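Participant: sequence unknown, structure follows:
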DNA sequence: CCGATATTATATAGGATATATTTGTGTTCG
DNA sequence: CGAACACAAATATATCCTATATAATATCGG
(Lines give C-alpha, C1' and ligand atoms only; values in the text may rest on other atoms or scores of the structure.)
Protein backbone atom coordinates (compact mmCIF):
# COMPACT_ATOMS: atom_id res chain seq x y z
CA UNK A 1 0.00 0.00 0.00
CA UNK A 2 1.62 3.25 -1.11
CA UNK A 3 0.55 6.86 -1.39
CA UNK A 4 0.75 8.69 -4.68
CA UNK A 5 -1.62 11.67 -4.62
CA UNK A 6 -0.76 15.04 -3.25
CA UNK A 7 -3.55 15.65 -0.92
CA UNK A 8 -3.10 13.16 1.86
CA UNK A 9 -6.81 12.66 2.16
CA UNK A 10 -7.12 11.59 -1.47
CA UNK A 11 -3.93 9.59 -1.23
CA UNK A 12 -5.20 7.63 1.74
CA UNK A 13 -8.63 7.23 0.23
CA UNK A 14 -7.28 5.76 -2.98
CA UNK A 15 -4.68 3.64 -1.25
CA UNK A 16 -7.32 2.07 0.98
CA UNK A 17 -9.85 1.73 -1.83
CA UNK A 18 -7.33 0.02 -4.04
CA UNK A 19 -6.26 -2.24 -1.25
CA UNK A 20 -9.87 -3.24 -0.64
CA UNK A 21 -10.75 -3.75 -4.30
CA UNK A 22 -7.77 -5.95 -4.97
CA UNK A 23 -8.41 -7.98 -1.84
CA UNK A 24 -5.11 -7.03 -0.25
CA UNK A 25 -7.30 -5.91 2.64
CA UNK A 26 -9.58 -8.88 3.14
CA UNK A 27 -13.30 -8.62 3.90
CA UNK A 28 -13.86 -8.26 7.62
CA UNK A 29 -10.32 -7.10 8.28
CA UNK A 30 -10.03 -4.42 10.91
CA UNK A 31 -8.75 -1.02 9.83
CA UNK A 32 -7.23 0.51 12.93
CA UNK A 33 -6.69 4.23 12.58
CA UNK A 34 -3.43 4.38 14.49
CA UNK A 35 -1.91 1.50 12.57
CA UNK A 36 -2.89 2.99 9.22
CA UNK A 37 -1.53 6.36 10.31
CA UNK A 38 1.83 4.79 11.03
CA UNK A 39 1.81 2.60 7.95
CA UNK A 40 0.99 5.48 5.63
CA UNK A 41 3.01 8.06 7.54
CA UNK A 42 0.19 10.54 8.04
CA UNK A 43 -1.67 11.77 11.07
CA UNK A 44 -5.00 10.22 12.00
CA UNK A 45 -7.05 13.04 10.48
CA UNK A 46 -6.71 12.10 6.78
CA UNK A 47 -7.24 8.47 7.79
CA UNK A 48 -10.48 9.21 9.57
CA UNK A 49 -11.78 11.29 6.69
CA UNK A 50 -10.90 8.60 4.18
CA UNK A 51 -12.61 5.94 6.28
CA UNK A 52 -15.76 8.03 6.45
CA UNK A 53 -15.77 8.43 2.69
CA UNK A 54 -15.19 4.74 2.15
CA UNK A 55 -18.01 4.03 4.56
CA UNK A 56 -20.33 6.26 2.55
CA UNK A 57 -19.29 4.34 -0.55
CA UNK A 58 -19.93 1.02 1.14
CA UNK A 59 -16.39 -0.33 1.09
CA UNK A 60 -15.84 0.08 4.80
CA UNK A 61 -18.14 -0.56 7.72
CA UNK A 62 -17.76 1.57 10.81
CA UNK A 63 -19.19 0.47 14.14
CA UNK A 64 -19.41 3.38 16.53
CA UNK A 65 -16.71 3.26 19.18
CA UNK A 66 -15.51 -0.06 17.84
CA UNK A 67 -13.88 0.80 14.58
CA UNK A 68 -13.73 0.30 10.87
CA UNK A 69 -13.57 -2.99 9.01
CA UNK A 70 -13.47 -3.88 5.34
CA UNK A 71 -17.10 -4.51 4.37
CA UNK A 72 -17.93 -8.20 4.13
CA UNK A 73 -19.05 -9.63 0.82
CA UNK A 74 -21.02 -12.65 -0.30
CA UNK A 75 -22.13 -14.09 -3.60
CA UNK A 76 -25.62 -12.63 -3.34
CA UNK A 77 -24.04 -9.21 -3.80
CA UNK A 78 -23.02 -10.33 -7.27
CA UNK A 79 -26.65 -10.30 -8.40
CA UNK A 80 -27.30 -6.98 -6.73
CA UNK A 81 -24.35 -5.16 -8.17
CA UNK A 82 -24.87 -6.78 -11.51
CA UNK A 83 -28.48 -5.66 -11.64
CA UNK A 84 -27.49 -2.13 -10.68
CA UNK A 85 -24.83 -1.90 -13.32
CA UNK A 86 -27.12 -3.22 -15.97
CA UNK A 87 -29.79 -0.70 -15.04
CA UNK A 88 -27.34 2.19 -15.21
CA UNK A 89 -25.88 0.96 -18.46
CA UNK A 90 -29.29 0.79 -20.04
CA UNK A 91 -30.34 4.20 -18.80
CA UNK A 92 -27.19 5.97 -19.89
CA UNK A 93 -26.89 4.11 -23.18
CA UNK A 94 -30.48 4.77 -24.19
CA UNK A 95 -29.98 8.47 -23.71
CA UNK A 96 -26.46 8.51 -25.11
CA UNK A 97 -27.33 6.77 -28.36
CA UNK A 98 -29.83 9.53 -29.09
CA UNK A 99 -27.80 12.48 -27.93
CA UNK A 100 -24.21 11.72 -28.76
CA UNK A 101 -22.43 13.45 -31.61
CA UNK A 102 -21.00 11.56 -34.57
CA UNK A 103 -17.55 12.28 -33.19
CA UNK A 104 -18.49 10.70 -29.90
CA UNK A 105 -19.92 7.71 -31.70
CA UNK A 106 -16.65 7.34 -33.50
CA UNK A 107 -14.72 7.66 -30.26
CA UNK A 108 -16.89 4.93 -28.80
CA UNK A 109 -15.96 2.67 -31.68
CA UNK A 110 -12.29 3.49 -31.20
CA UNK A 111 -12.46 2.62 -27.52
CA UNK A 112 -13.97 -0.76 -28.30
CA UNK A 113 -11.41 -1.32 -31.04
CA UNK A 114 -8.55 -0.61 -28.69
CA UNK A 115 -9.82 -3.15 -26.21
CA UNK A 116 -9.42 -5.83 -28.84
CA UNK A 117 -5.65 -5.55 -28.33
CA UNK A 118 -5.92 -6.39 -24.64
CA UNK A 119 -7.96 -9.57 -24.65
CA UNK A 120 -5.13 -11.31 -22.81
CA UNK A 121 -4.74 -8.65 -20.15
CA UNK A 122 -7.87 -8.85 -17.98
CA UNK A 123 -6.79 -6.00 -15.72
CA UNK A 124 -6.28 -3.61 -18.57
CA UNK A 125 -9.29 -4.79 -20.56
CA UNK A 126 -11.40 -4.39 -17.47
CA UNK A 127 -10.12 -0.86 -16.89
CA UNK A 128 -10.92 0.10 -20.45
CA UNK A 129 -14.31 -1.50 -20.08
CA UNK A 130 -14.95 0.83 -17.15
CA UNK A 131 -13.74 3.82 -19.15
CA UNK A 132 -16.13 2.79 -21.88
CA UNK A 133 -19.16 2.84 -19.62
CA UNK A 134 -18.15 6.12 -18.04
CA UNK A 135 -17.67 7.65 -21.48
CA UNK A 136 -21.22 6.68 -22.34
CA UNK A 137 -22.41 8.48 -19.22
CA UNK A 138 -20.52 11.54 -20.40
CA UNK A 139 -22.22 11.36 -23.77
CA UNK A 140 -25.59 11.06 -22.06
CA UNK A 141 -24.64 14.04 -19.88
CA UNK A 142 -25.65 12.18 -16.77
CA UNK A 143 -23.06 13.10 -14.14
CA UNK A 144 -24.94 11.68 -11.19
CA UNK A 145 -25.31 8.30 -12.82
CA UNK A 146 -21.69 8.46 -13.87
CA UNK A 147 -20.50 8.99 -10.33
CA UNK A 148 -22.71 6.23 -9.03
CA UNK A 149 -21.58 3.92 -11.80
CA UNK A 150 -17.95 4.60 -11.01
CA UNK A 151 -18.43 3.44 -7.47
CA UNK A 152 -20.58 0.50 -8.45
CA UNK A 153 -17.94 -0.58 -10.94
CA UNK A 154 -15.43 -0.51 -8.10
CA UNK A 155 -17.71 -2.77 -6.10
CA UNK A 156 -17.99 -4.99 -9.13
CA UNK A 157 -14.24 -5.15 -9.45
CA UNK A 158 -13.91 -6.28 -5.88
CA UNK A 159 -16.50 -9.00 -6.34
CA UNK A 160 -14.99 -10.03 -9.65
CA UNK A 161 -11.45 -10.30 -8.28
CA UNK A 162 -12.70 -12.20 -5.28
CA UNK A 163 -15.11 -14.65 -6.86
CA UNK A 164 -14.85 -14.54 -10.61
CA UNK A 165 -11.26 -14.05 -11.58
CA UNK A 166 -11.01 -17.24 -13.60
CA UNK A 167 -14.32 -17.12 -15.41
CA UNK A 168 -13.90 -13.46 -16.22
CA UNK A 169 -10.68 -14.06 -18.11
CA UNK A 170 -12.44 -16.76 -20.11
CA UNK A 171 -15.31 -14.51 -21.00
CA UNK A 172 -13.37 -11.52 -22.29
CA UNK A 173 -13.26 -12.73 -25.87
CA UNK A 174 -17.01 -13.27 -25.99
CA UNK A 175 -17.63 -9.97 -24.23
CA UNK A 176 -15.53 -8.21 -26.84
CA UNK A 177 -17.77 -9.56 -29.60
CA UNK A 178 -20.86 -8.56 -27.67
CA UNK A 179 -19.48 -5.06 -27.36
CA UNK A 180 -19.30 -4.83 -31.13
CA UNK A 181 -22.96 -5.80 -31.26
CA UNK A 182 -23.74 -3.01 -28.80
CA UNK A 183 -21.75 -0.59 -30.93
CA UNK A 184 -23.75 -1.61 -33.97
CA UNK A 185 -26.92 -0.91 -32.02
CA UNK A 186 -25.60 2.52 -31.03
CA UNK A 187 -25.09 3.28 -34.72
CA UNK A 188 -28.78 2.68 -35.37
CA UNK A 189 -29.43 5.35 -32.73
CA UNK A 190 -32.40 3.31 -31.63
CA UNK A 191 -32.61 3.08 -27.82
CA UNK A 192 -34.64 -0.11 -27.93
CA UNK A 193 -32.04 -1.82 -30.08
CA UNK A 194 -29.29 -0.63 -27.76
CA UNK A 195 -31.16 -1.88 -24.74
CA UNK A 196 -31.69 -5.26 -26.33
CA UNK A 197 -28.01 -5.59 -27.17
CA UNK A 198 -27.01 -4.70 -23.62
CA UNK A 199 -29.55 -7.14 -22.27
CA UNK A 200 -28.11 -9.91 -24.43
CA UNK A 201 -24.60 -9.04 -23.31
CA UNK A 202 -25.47 -9.06 -19.64
CA UNK A 203 -27.70 -12.06 -19.95
CA UNK A 204 -24.73 -14.04 -21.21
CA UNK A 205 -22.40 -12.65 -18.57
CA UNK A 206 -24.72 -13.32 -15.66
CA UNK A 207 -25.37 -16.84 -16.90
CA UNK A 208 -21.64 -17.55 -17.03
CA UNK A 209 -21.01 -16.07 -13.60
CA UNK A 210 -23.95 -17.76 -11.92
CA UNK A 211 -22.94 -21.05 -13.46
CA UNK A 212 -19.39 -20.59 -12.23
CA UNK A 213 -20.57 -19.79 -8.72
CA UNK A 214 -22.80 -22.84 -8.86
CA UNK A 215 -25.89 -20.87 -8.06
CA UNK A 216 -29.07 -20.01 -9.83
CA UNK A 217 -29.39 -16.40 -10.95
CA UNK A 218 -31.63 -14.62 -8.46
CA UNK A 219 -35.15 -15.06 -9.78
CA UNK A 220 -36.59 -11.73 -10.83
CA UNK A 221 -33.20 -10.33 -11.80
CA UNK A 222 -33.95 -11.11 -15.37
CA UNK A 223 -32.10 -9.79 -18.28
CA UNK A 224 -33.75 -10.58 -21.53
CA UNK A 225 -36.76 -12.71 -20.79
CA UNK A 226 -40.02 -10.89 -20.74
CA UNK B 1 -30.07 23.62 12.37
CA UNK B 2 -29.80 21.62 15.58
CA UNK B 3 -27.95 18.54 16.72
CA UNK B 4 -29.82 15.56 18.10
CA UNK B 5 -27.69 12.42 17.73
CA UNK B 6 -25.20 11.08 20.18
CA UNK B 7 -22.15 10.97 18.07
CA UNK B 8 -21.22 14.43 16.94
CA UNK B 9 -20.17 13.13 13.57
CA UNK B 10 -23.62 11.68 12.92
CA UNK B 11 -25.27 14.70 14.40
CA UNK B 12 -23.41 17.06 12.11
CA UNK B 13 -23.91 14.81 9.11
CA UNK B 14 -27.67 14.68 9.59
CA UNK B 15 -27.99 18.32 10.45
CA UNK B 16 -26.16 19.34 7.28
CA UNK B 17 -27.96 16.76 5.15
CA UNK B 18 -31.33 17.91 6.39
CA UNK B 19 -30.39 21.51 5.88
CA UNK B 20 -29.37 20.76 2.29
CA UNK B 21 -32.41 18.63 1.46
CA UNK B 22 -34.87 21.20 2.74
CA UNK B 23 -33.08 23.99 0.92
CA UNK B 24 -32.21 25.84 4.11
CA UNK B 25 -28.66 25.62 2.78
CA UNK B 26 -29.06 26.77 -0.81
CA UNK B 27 -27.28 25.20 -3.78
CA UNK B 28 -23.85 26.76 -4.25
CA UNK B 29 -23.74 28.07 -0.72
CA UNK B 30 -20.33 27.88 0.90
CA UNK B 31 -19.94 25.63 3.90
CA UNK B 32 -17.07 27.10 5.86
CA UNK B 33 -15.69 24.69 8.39
CA UNK B 34 -14.94 27.25 11.08
CA UNK B 35 -18.37 28.83 10.82
CA UNK B 36 -20.13 25.49 11.03
CA UNK B 37 -17.96 24.50 13.98
CA UNK B 38 -19.07 27.61 15.84
CA UNK B 39 -22.69 27.34 14.74
CA UNK B 40 -22.97 23.70 15.81
CA UNK B 41 -20.69 24.05 18.84
CA UNK B 42 -18.28 21.32 17.87
CA UNK B 43 -14.67 21.27 16.83
CA UNK B 44 -13.72 21.15 13.17
CA UNK B 45 -13.08 17.41 13.28
CA UNK B 46 -16.68 16.15 13.12
CA UNK B 47 -17.45 18.88 10.58
CA UNK B 48 -14.73 17.77 8.22
CA UNK B 49 -15.72 14.14 8.46
CA UNK B 50 -19.34 14.97 7.82
CA UNK B 51 -18.42 17.10 4.81
CA UNK B 52 -16.39 14.24 3.35
CA UNK B 53 -19.31 11.88 3.78
CA UNK B 54 -21.70 14.34 2.21
CA UNK B 55 -19.26 14.78 -0.64
CA UNK B 56 -19.21 11.03 -1.22
CA UNK B 57 -23.01 11.10 -1.27
CA UNK B 58 -23.04 13.97 -3.75
CA UNK B 59 -24.71 16.58 -1.57
CA UNK B 60 -21.59 18.63 -1.07
CA UNK B 61 -18.85 19.55 -3.50
CA UNK B 62 -15.36 20.04 -2.17
CA UNK B 63 -12.77 21.94 -4.14
CA UNK B 64 -9.29 21.15 -2.83
CA UNK B 65 -7.86 24.00 -0.80
CA UNK B 66 -10.90 26.13 -1.56
CA UNK B 67 -13.66 24.57 0.42
CA UNK B 68 -17.03 22.89 0.47
CA UNK B 69 -20.22 24.14 -1.14
CA UNK B 70 -23.72 22.74 -1.36
CA UNK B 71 -23.82 20.86 -4.66
CA UNK B 72 -25.57 22.81 -7.40
CA UNK B 73 -28.72 21.38 -8.96
CA UNK B 74 -30.56 21.84 -12.21
CA UNK B 75 -33.68 20.43 -13.77
CA UNK B 76 -31.80 17.89 -15.85
CA UNK B 77 -30.95 16.11 -12.62
CA UNK B 78 -34.66 15.43 -12.22
CA UNK B 79 -34.57 13.02 -15.15
CA UNK B 80 -31.40 11.39 -13.93
CA UNK B 81 -32.51 10.80 -10.39
CA UNK B 82 -35.94 9.78 -11.57
CA UNK B 83 -34.49 7.20 -13.92
CA UNK B 84 -32.26 5.83 -11.19
CA UNK B 85 -35.07 5.51 -8.72
CA UNK B 86 -37.28 3.81 -11.23
CA UNK B 87 -34.53 1.33 -12.07
CA UNK B 88 -33.95 0.47 -8.44
CA UNK B 89 -37.67 0.20 -7.75
CA UNK B 90 -38.10 -2.22 -10.60
CA UNK B 91 -35.13 -4.34 -9.63
CA UNK B 92 -36.06 -4.60 -5.97
CA UNK B 93 -39.77 -5.04 -6.61
CA UNK B 94 -39.28 -7.78 -9.18
CA UNK B 95 -37.23 -9.76 -6.72
CA UNK B 96 -39.36 -8.86 -3.71
CA UNK B 97 -42.66 -9.94 -5.24
CA UNK B 98 -41.22 -13.41 -5.76
CA UNK B 99 -39.39 -13.76 -2.48
CA UNK B 100 -41.45 -11.96 0.12
CA UNK B 101 -43.49 -13.88 2.70
CA UNK B 102 -47.24 -13.55 2.99
CA UNK B 103 -46.71 -11.57 6.18
CA UNK B 104 -44.49 -9.15 4.36
CA UNK B 105 -47.04 -8.82 1.60
CA UNK B 106 -49.63 -7.99 4.19
CA UNK B 107 -47.30 -5.45 5.81
CA UNK B 108 -46.83 -3.86 2.42
CA UNK B 109 -50.57 -3.48 2.09
CA UNK B 110 -50.77 -1.98 5.57
CA UNK B 111 -48.10 0.57 4.75
CA UNK B 112 -49.97 1.67 1.67
CA UNK B 113 -53.22 1.78 3.60
CA UNK B 114 -51.71 3.98 6.26
CA UNK B 115 -50.53 6.46 3.68
CA UNK B 116 -54.13 7.02 2.64
CA UNK B 117 -54.62 8.93 5.91
CA UNK B 118 -51.89 11.42 5.03
CA UNK B 119 -52.87 12.57 1.57
CA UNK B 120 -52.98 16.13 2.85
CA UNK B 121 -49.59 16.00 4.52
CA UNK B 122 -47.02 15.83 1.71
CA UNK B 123 -44.05 15.69 4.08
CA UNK B 124 -45.41 12.73 5.98
CA UNK B 125 -46.80 10.96 2.92
CA UNK B 126 -43.47 11.39 1.25
CA UNK B 127 -41.61 9.96 4.24
CA UNK B 128 -43.88 6.94 4.28
CA UNK B 129 -43.41 6.58 0.56
CA UNK B 130 -39.68 6.33 1.19
CA UNK B 131 -40.22 3.78 3.95
CA UNK B 132 -42.32 1.79 1.51
CA UNK B 133 -39.59 1.55 -1.08
CA UNK B 134 -36.95 0.71 1.51
CA UNK B 135 -39.20 -2.00 2.92
CA UNK B 136 -39.40 -3.55 -0.52
CA UNK B 137 -35.60 -3.61 -0.66
CA UNK B 138 -35.64 -5.40 2.68
CA UNK B 139 -38.05 -8.00 1.33
CA UNK B 140 -35.83 -8.46 -1.71
CA UNK B 141 -32.84 -8.82 0.63
CA UNK B 142 -30.88 -6.30 -1.39
CA UNK B 143 -28.97 -4.22 1.12
CA UNK B 144 -26.69 -2.51 -1.36
CA UNK B 145 -29.58 -1.32 -3.46
CA UNK B 146 -31.38 -0.26 -0.32
CA UNK B 147 -28.52 1.94 0.80
CA UNK B 148 -28.17 3.45 -2.64
CA UNK B 149 -31.90 3.98 -2.86
CA UNK B 150 -31.92 5.75 0.49
CA UNK B 151 -29.41 8.27 -0.73
CA UNK B 152 -31.05 8.66 -4.10
CA UNK B 153 -34.38 9.28 -2.39
CA UNK B 154 -32.69 12.04 -0.41
CA UNK B 155 -31.49 13.57 -3.67
CA UNK B 156 -35.00 13.24 -4.98
CA UNK B 157 -36.39 15.01 -1.94
CA UNK B 158 -34.08 17.91 -2.47
CA UNK B 159 -35.06 18.23 -6.12
CA UNK B 160 -38.71 17.82 -5.27
CA UNK B 161 -38.70 20.48 -2.57
CA UNK B 162 -36.78 22.83 -4.81
CA UNK B 163 -38.60 22.43 -8.09
CA UNK B 164 -41.72 20.38 -7.62
CA UNK B 165 -43.29 21.25 -4.31
CA UNK B 166 -46.60 22.39 -5.77
CA UNK B 167 -47.12 19.71 -8.37
CA UNK B 168 -46.13 16.99 -5.95
CA UNK B 169 -48.89 17.90 -3.52
CA UNK B 170 -51.37 17.75 -6.37
CA UNK B 171 -50.18 14.34 -7.46
CA UNK B 172 -50.36 12.55 -4.13
CA UNK B 173 -53.94 11.42 -4.54
CA UNK B 174 -53.26 9.91 -7.94
CA UNK B 175 -50.05 8.36 -6.71
CA UNK B 176 -51.93 6.74 -3.86
CA UNK B 177 -54.27 5.04 -6.33
CA UNK B 178 -51.32 3.94 -8.43
CA UNK B 179 -49.74 2.42 -5.35
CA UNK B 180 -52.81 0.25 -4.90
CA UNK B 181 -52.36 -0.94 -8.46
CA UNK B 182 -48.76 -1.83 -7.68
CA UNK B 183 -49.90 -3.69 -4.58
CA UNK B 184 -52.37 -5.67 -6.66
CA UNK B 185 -49.54 -6.59 -9.00
CA UNK B 186 -47.43 -7.71 -6.04
CA UNK B 187 -50.25 -10.03 -5.03
CA UNK B 188 -50.06 -11.78 -8.39
CA UNK B 189 -46.38 -12.43 -7.58
CA UNK B 190 -45.64 -11.89 -11.23
CA UNK B 191 -42.54 -9.71 -11.70
CA UNK B 192 -43.60 -8.60 -15.16
CA UNK B 193 -46.94 -7.38 -13.85
CA UNK B 194 -45.21 -5.55 -11.02
CA UNK B 195 -42.79 -3.94 -13.41
CA UNK B 196 -45.60 -2.80 -15.65
CA UNK B 197 -47.49 -1.26 -12.73
CA UNK B 198 -44.38 0.59 -11.58
CA UNK B 199 -43.74 1.77 -15.13
CA UNK B 200 -47.27 3.13 -15.38
CA UNK B 201 -46.90 4.87 -12.02
CA UNK B 202 -43.62 6.51 -12.93
CA UNK B 203 -44.71 7.29 -16.45
CA UNK B 204 -47.54 9.34 -15.03
CA UNK B 205 -45.33 11.01 -12.45
CA UNK B 206 -42.60 11.95 -14.89
CA UNK B 207 -45.16 13.33 -17.31
CA UNK B 208 -46.63 15.54 -14.62
CA UNK B 209 -43.26 16.76 -13.44
CA UNK B 210 -41.88 17.40 -16.89
CA UNK B 211 -45.02 19.27 -17.81
CA UNK B 212 -44.76 21.36 -14.67
CA UNK B 213 -41.13 22.21 -15.38
CA UNK B 214 -42.10 23.09 -18.91
CA UNK B 215 -39.65 20.68 -20.41
CA UNK B 216 -39.82 17.55 -22.46
CA UNK B 217 -38.92 14.35 -20.65
CA UNK B 218 -35.38 13.46 -21.63
CA UNK B 219 -35.69 11.33 -24.73
CA UNK B 220 -34.53 7.82 -24.04
CA UNK B 221 -35.58 7.96 -20.39
CA UNK B 222 -38.71 6.10 -21.26
CA UNK B 223 -40.97 4.45 -18.84
CA UNK B 224 -43.54 2.33 -20.54
CA UNK B 225 -43.08 2.74 -24.25
CA UNK B 226 -41.15 0.00 -25.91
C1' DC C 1 -17.04 -25.52 44.10
C1' DC C 2 -19.22 -23.56 40.16
C1' DG C 3 -21.74 -20.61 37.24
C1' DA C 4 -23.64 -16.22 36.67
C1' DT C 5 -23.06 -11.50 37.41
C1' DA C 6 -20.57 -7.37 38.54
C1' DT C 7 -16.23 -4.93 38.15
C1' DT C 8 -12.17 -3.36 36.27
C1' DA C 9 -8.66 -2.85 32.68
C1' DT C 10 -7.31 -1.92 28.19
C1' DA C 11 -7.40 -0.69 23.49
C1' DT C 12 -9.23 2.31 20.42
C1' DA C 13 -12.61 5.49 18.71
C1' DG C 14 -14.31 10.11 19.20
C1' DG C 15 -13.38 14.71 20.00
C1' DA C 16 -10.97 19.28 21.42
C1' DT C 17 -7.35 22.47 21.04
C1' DA C 18 -3.32 24.71 19.51
C1' DT C 19 -0.23 25.33 15.91
C1' DA C 20 1.97 25.19 11.43
C1' DT C 21 1.89 24.85 6.46
C1' DT C 22 -0.14 25.21 1.99
C1' DT C 23 -2.99 27.10 -1.39
C1' DG C 24 -6.24 30.02 -3.79
C1' DT C 25 -8.02 34.53 -4.22
C1' DG C 26 -8.29 39.14 -4.21
C1' DT C 27 -5.89 43.54 -3.75
C1' DT C 28 -2.45 46.80 -4.07
C1' DC C 29 1.25 48.87 -6.14
C1' DG C 30 4.81 49.61 -9.55
C1' DC D 1 -1.57 45.34 -17.01
C1' DG D 2 1.08 42.27 -14.50
C1' DA D 3 3.66 40.91 -10.41
C1' DA D 4 4.18 40.95 -5.53
C1' DC D 5 1.82 40.57 -1.47
C1' DA D 6 -1.68 39.87 2.15
C1' DC D 7 -5.38 37.39 3.75
C1' DA D 8 -8.70 33.62 4.42
C1' DA D 9 -9.41 29.16 4.75
C1' DA D 10 -8.21 24.39 3.92
C1' DT D 11 -4.98 20.88 5.08
C1' DA D 12 -2.23 18.62 8.30
C1' DT D 13 0.24 17.50 12.73
C1' DA D 14 0.71 16.73 17.60
C1' DT D 15 -1.04 16.29 22.01
C1' DC D 16 -4.41 15.72 25.23
C1' DC D 17 -8.75 14.14 27.15
C1' DT D 18 -13.13 11.51 27.24
C1' DA D 19 -16.29 7.81 26.00
C1' DT D 20 -17.18 3.24 24.82
C1' DA D 21 -16.92 -1.66 23.78
C1' DT D 22 -14.75 -5.81 24.73
C1' DA D 23 -12.38 -8.88 27.28
C1' DA D 24 -10.30 -10.28 31.48
C1' DT D 25 -10.91 -10.63 36.30
C1' DA D 26 -13.07 -10.71 40.57
C1' DT D 27 -17.11 -11.30 43.40
C1' DC D 28 -21.14 -13.39 45.02
C1' DG D 29 -25.08 -16.67 45.57
C1' DG D 30 -26.40 -21.26 45.27
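Facilitator: It's in. Computed from a predicted structure; not experimentally measured.
Participant: domain parsing for chain A?
Facilitator: Using automatic domain parsing, the domain ranges for chain A come out as A:8-70, A:75-213.
Participant: now look at the longest one and say if it contacts chain B.
Facilitator: Yes: taking Cβ under 8 Å from any Cβ of the partner chain as the criterion, domain A:75-213 and chain B are in contact, through A:76-77, A:80-81, A:83-84, A:87-88, A:90-91, A:94-99, A:140-145, A:147-148, A:155, A:191-192. (C-beta placed from N, C-alpha, C; glycine too.)
Participant: which of those fall in helices?
Facilitator: Counting by DSSP state H, the part of the residues of domain A:75-213 next to chain B found in helices is A:76-77, A:80-81, A:83-84, A:87-88, A:90-91, A:94-99, A:140, A:143-145, A:147-148, A:155, A:191-192.
Participant: where does the residue of chain A positioned farthest from its centre sit: helix, strand or coil?
Facilitator: The centre of chain A is farthest from one residue, residue A:65, which by Cα atoms, centre = their mean lies 31.1 Å away. Following DSSP: H, G, I helix; E, B strand; the rest coil, we place residue A:65 in the coil state.
Participant: residues from chain A in reach of DNA strand C?
Facilitator: For chain A, the contact set with DNA strand C under Cβ under 7 Å from any atom of the strand comprises A:6, A:31-34, A:48, A:62, A:64-68.
Participant: between helix B:44-57 and the one helix or strand residue A:49 maps to, find me the angle.
Facilitator: Using DSSP states H and E, residue A:49 maps to helix A:44-57. Using axes from the mean of the first three to the mean of the last three Cα atoms, to 10 degrees, the inter-axis angle of helix A:44-57 relative to helix B:44-57 is 30 degrees.
Participant: and the contacts of helix A:44-57?
Facilitator: Residues outside helix A:44-57 that contact it (Cβ atoms under 8 Å, 6 or more residues apart in numbering or on different chains): A:8-9, A:11-13, A:16-17, A:20, A:31, A:33-34, A:36-37, A:40, A:60-62, A:68, A:151, A:154, B:9, B:45, B:48-50, B:52-53, B:55-57.
Participant: for the residue positioned nearest the centre of chain A, give me the pLDDT.
Facilitator: Using Cα atoms, centre = their mean, the residue of chain A that lies closest to the mean C-alpha position is residue A:153, 1.2 Å off. Note for residue A:153: predicted pLDDT of 98.
Participant: the one 4 residues further on now?
Facilitator: Per-residue confidence at residue A:157 stands at 97 (pLDDT).
Participant: on that earlier part again, not counting sequence-adjacent ones, nearest residue to the residue nearest to the centre of chain A?
Facilitator: Leaving aside its chain neighbours, residue A:153 sits nearest to residue A:130 (5.0 Å; criterion: Cβ to Cβ, 6 or more residues apart in numbering or on different chains).
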